[in-house]
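Q: Compute the structure for the input listed below.
(2 chains)
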Amino acid sequence: DAKTTQPTSMDCAEGRAANLPCNHSTISGNEYVYWYRQIHSQGPQYIIHGLKNNETNEMASLIITEDRKSSTLILPHATLRDTAVYYCIVRVAGSGGSNYKLTFGKGTLLTVNP
Amino acid sequence: GAGVSQSPSNKVTEKGKDVELRCDPISGHTALYWYRQRLGQGLEFLIYFQGNSAPDKSGLPSDRFSAERTGESVSTLTIQRTQQEDSAVYLCASSSSYGTGGNQPQHFGDGTRLSIL
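A: Numbering: from 1, shown residues only, chains lettered A, B, ... in the order given. Sure thing, here's the model as predicted:
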């Protein structure tokens, strides 16, 4: 799987949009971009994923650049409960090999301040 | 709908005892995964079940670890003769296998926090 680079930490004011960047310059054509987060003392939580088109769900939006070398996760109205470590990973599509083994890097610690 | 459920949420036991951890996946999810997460560390893959296929046990750290899954439902992870280094959060995840396997997100439970005294 391609390597990702994320800032170590970010701050965001409550009610404002949180924009979390991720670089994945070596991403392959068949690799998806996934975002998870982990709130303290909880299991990882799936947020969103995409291949090349921008995606939106009830939690967040995912903006992927045209060259697919970077992406941004957007939480449109951050709340205190969104304080967590956010992980950006890329994974190959398909069930071959062992691409089901999730590994997280260091991620970004997002702190939402009142 | 109901997410992945794990029990117990916390387990404290003495070194040398056996422990059994339970995972109830999301209904209809054919794929089930166990991971371990030590304090402040990343995910460590343990085992993967997919339908009736032979499980991938390549991540189990020793023969003291074993896991079973009944059909496409409940799974149990058993650790025999526990050691202090087994202390960690044990996470279970499940996913749908509809379509290609690699793009189906894994949904996690909140884990079992295991402490070996």
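Q: and the next element down the chain from the worst-scoring helix or strand of chain B on mean pLDDT?
A: Lowest mean confidence among the helices and strands of chain B (mean pLDDT, DSSP states H and E): strand B:43-50, at a mean of 92. The element immediately downstream of strand B:43-50 (helix or strand, assigned by DSSP states H and E) is strand B:65-69.
Q: okay, the angle between that following strand and strand B:43-50?
A: Orientation check (axes from the mean of the first three to the mean of the last three Cα atoms, to 10 degrees): strand B:65-69 against strand B:43-50 gives 40 degrees.
Q: Spatially central, which residue of the chain would that be?
A: Unless you meant another one, I'm taking chain A. By Cα atoms, centre = their mean, chain A has its centre lying nearest to residue A:35, at 3.0 Å.
Q: could you do chain B instead?
A: residue B:34 (2.8 Å).
Q: Run the angle between the host helix or strand of that one and strand B:43-50 for me.
A: In the assignment (DSSP H and E), residue B:34 maps to strand B:31-37. Relative orientation of strand B:31-37 versus strand B:43-50 (the same axes, to 10 degrees): 160 degrees.
Q: so does strand B:31-37 get close to chain A?
A: Yes: applying Cβ under 8 Å from any Cβ of the partner chain, one finds strand B:31-37 touching chain A at B:31, B:33, B:35. In this view, the C-beta of every residue, glycine as well, is placed from N, C-alpha and C.
Q: Kindly check the end-to-end length of stretch A:90-105 for me.
A: For stretch A:90-105, the first-to-last residue distance is 11 Å (Cα to Cα, to the nearest Å).
Q: on that earlier part again, from the chain's centre, how far out does the least confident helix or strand of chain B sit?
A: Here the centre of strand B:43-50 is set off from its chain's centre by 7 Å, with Cα atoms, centre = their mean, to the nearest Å.
Q: Is there any residue in it that contacts chain A?
A: Yes: using Cβ under 8 Å from any Cβ, strand B:43-50 comes into contact with chain A via B:43, B:45, B:48, B:50.
Q: All good on my end, thank you.
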